[in-house]
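Novice: what follows is a predicted structure for the sequence shown.
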Number of protein chains: 2
Amino acid sequence: MFGPHRWHGKFRGCGCRLTLPRETVLNILNRTDKHLSVDEVFAVVNRSYPGIGIATIYRTLDLLSRMGLVSKFEFGDGKSRYELAESKKGHHHHLVCNGCGRIIDYSDFINKEVKFVSELEKELAEKHKFKINSHQIHFYGICKECTNK
Amino acid sequence: MFGPHRWHGKFRGCGCRLTLPRETVLNILNRTDKHLSVDEVFAVVNRSYPGIGIATIYRTLDLLSRMGLVSKFEFGDGKSRYELAESKKGHHHHLVCNGCGRIIDYSDFINKEVKFVSELEKELAEKHKFKINSHQIHFYGICKECTNK
DNA sequence: CTCCTTTTGATAATCTTTATCATTCTGATA
DNA sequence: TATCAGAATGATAAAGATTATCAAAAGGAG
C-alpha cells in the first residue's frame, strides 16, 4: 500500500534517482506521525548516516515536495514542516494552537469535508481556470492544555 | 463600519497605545487589497514617515496580529504576509499558484463555505476542546496564466 | 512637573534557507 | 569492463527574514 514500492515508481521517468539520502528521508517520514522540520529530519538521518549533510536534506525535502510525495506546511513558527503526502494518517487537516504551537491532526468529519472540498475545487477550478493540486485547511486557536492554564 | 473608530476601541483596555506608527500601518492595510510583506509595508510607511524604522513595522504587525486586527499568512515564498482581518474584501480564502506564486483571493461560494466551516468549527471545538479563533483555507495549483505557458 | 511604563530606532545577533562549486556517484553505452 | 555525461552530494559561503538588545523618547496617571 505505502512504502518503497510506491516511491520507486514515482522516481522512474522523472529523471531523478532514488538515492540513499532520499530513501532515508522517505523512510523517516513514513515512520513518524509528526510534522518534522528540516533540522529534525536531519537529526534522525544523522544518527544512521552521519555522512549525509543538511544541504542534502533541504534539497531532498524540496524535491519530494515538488514531486508531490511530501506535503510542506508553514504553521507560523518560522520553519517549514513536512509530512508524507499519502501517509498512514490518511487525509487530515490541522488545529494550530496559538498558545503553545502544538499541532493537532484531525480527521473527524473528514468524509463530509472531502465531499465539500471536492465540490468547491471543481467550482473554483472552473470559475478561475485554476488547476488545483492540493489544499490545506488550518484552524487557529487555543488548545485544551493552554486553556487550563 | 471599518477604520479608526474600530481600532481605538480595541486598543483601549489592552494596555497598548494606538501610536502614529501603528495607526499608519493600519491605514495602509486598510487601503490596499494585497497581501503585504513587512518590507512592502515598510516601503509605504517610509514615504510618509521616513523616521519610522523597520523594527517597528515588525513589532507592529506582530502586535496587530496577536490582537486579532490583522491576519498573518505564509504562502511559501519565505516571507510573512499580512492583511486586515476585517477588510473591505470581506471574508475570503486563497488560491496559491505553484508556478508564479500569484495569490488569488476568492469569495465565491463563500456563504456555503461559511456555513460549512462554522458547523465544522463547532464540532471540532467540542470534540478536541479546542477554542477556535480563526481559520485559513488555501488551494494550491497552477493559475490560468501559467497554464498558458 | 515627576514617575513609571510603553514604545521606538538603530543595530547586532540569530536562524532558516539558498547558492556555489568541486567532488563523487550512477547509469547508459560502447 | 571502461568511458562519459548528467545527476547528486557535502561543505561552506551568502542571502534573507526575523528577533533581541538597549539606550533614548514619548505618553499617561497622579
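Specialist: On my side now, so go ahead.

Novice: and the lowest-mean-pLDDT helix or strand in chain A, C-alpha only, in CSV?
Specialist: Using mean pLDDT, DSSP states H and E, the weakest-scoring helix or strand in chain A turns out to be helix A:4-11, at a mean of 81. Extracted C-alpha coordinates of helix A:4-11, given in CSV (Å, rounded to 0.1, in the frame of the first residue of the first chain):
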residue,chain,number,x,y,z
PRO,A,4,9.3,1.9,-1.1
HIS,A,5,7.4,0.1,-3.9
ARG,A,6,5.4,3.2,-4.5
TRP,A,7,8.4,5.5,-4.4
HIS,A,8,10.5,3.7,-6.9
GLY,A,9,7.7,4.1,-9.4
LYS,A,10,7.4,7.8,-8.9
PHE,A,11,11.1,8.3,-9.4
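
Novice: longest helix in chain A, please.
Specialist: Secondary structure of chain A read by DSSP state H shows that its longest helix is helix A:110-128.

Novice: which residues are contacting the helix or strand hosting A:L95?
Specialist: For A:L95, the enclosing helix or strand under DSSP states H and E is strand A:93-97. Here strand A:93-97 makes contact (Cβ atoms under 8 Å, 6 or more residues apart in numbering or on different chains) with A:73, A:75-76, A:102-107, A:110, A:113, A:136-143, A:146, B:124, B:128, B:130, B:132. In short, each C-beta sits where N, CA and C put it, glycine included.

Novice: picking up where we left off before, who's in contact with the helix or strand just after the longest helix of chain A?
Specialist: Where DSSP H and E defines the elements, the next helix or strand beyond helix A:110-128 is strand A:131-142. The contact list for strand A:131-142, computed with Cβ under 8 Å, 6+ apart, reads A:68, A:71, A:73, A:75, A:93-99, A:113, A:117, A:121, A:124-125, B:95, B:98, B:121, B:124-125, B:130-142, B:147.

Novice: what's the answer for stretch A:15-24, then?
Specialist: The contact list for stretch A:15-24 (Cβ under 8 Å, 6+ apart) reads A:4, A:7-8, A:11, A:45, A:48-49, A:52, A:56-57, A:60, A:63-64, A:67.

Novice: stretch A:33-42 too?
Specialist: By Cβ under 8 Å, 6+ apart, the list of residues contacting stretch A:33-42 reads A:25, A:28-29, A:44, A:54, A:57-58, A:61, A:73, A:75, A:79-83, A:87-89, A:103, A:105.

Novice: near DNA strand D, which of those show up?
Specialist: For DNA strand D, the contacts drawn from those by Cβ under 7 Å from any atom of the strand are A:I54.

Novice: contacts only, for the residue in chain A positioned nearest to DNA strand C.
Specialist: The nearest approach of chain A to DNA strand C comes at A:S80, 3.5 Å away (Cβ to the nearest atom of the strand). Residues in contact with A:S80 (Cβ under 8 Å, 6+ apart) are A:S37, A:V38, A:L61, A:K72, A:F73, A:E74.

Novice: neighbour-wise, which one of the residues you listed leads?
Specialist: A:L61 (23 neighbours; other Cβ atoms under 10 Å in any protein chain shown).

Novice: so that residue makes contact with A:Y82?
Specialist: Yes: counting by Cβ atoms under 8 Å, A:L61 does reach A:Y82; the two are 5.3 Å apart.

Novice: follow-up on the earlier one: report the buried members of the contacts of stretch A:33-42.
Specialist: Using 16 or more other Cβ atoms under 10 Å in any protein chain shown as the burial test, these include A:25, A:28-29, A:44, A:57, A:61, A:73, A:75, A:80-83, A:87, A:103 as buried.

Novice: could you find the lowest-pLDDT member of these?
Specialist: When those are sorted by pLDDT, the bottom entry is A:S87 at 86.
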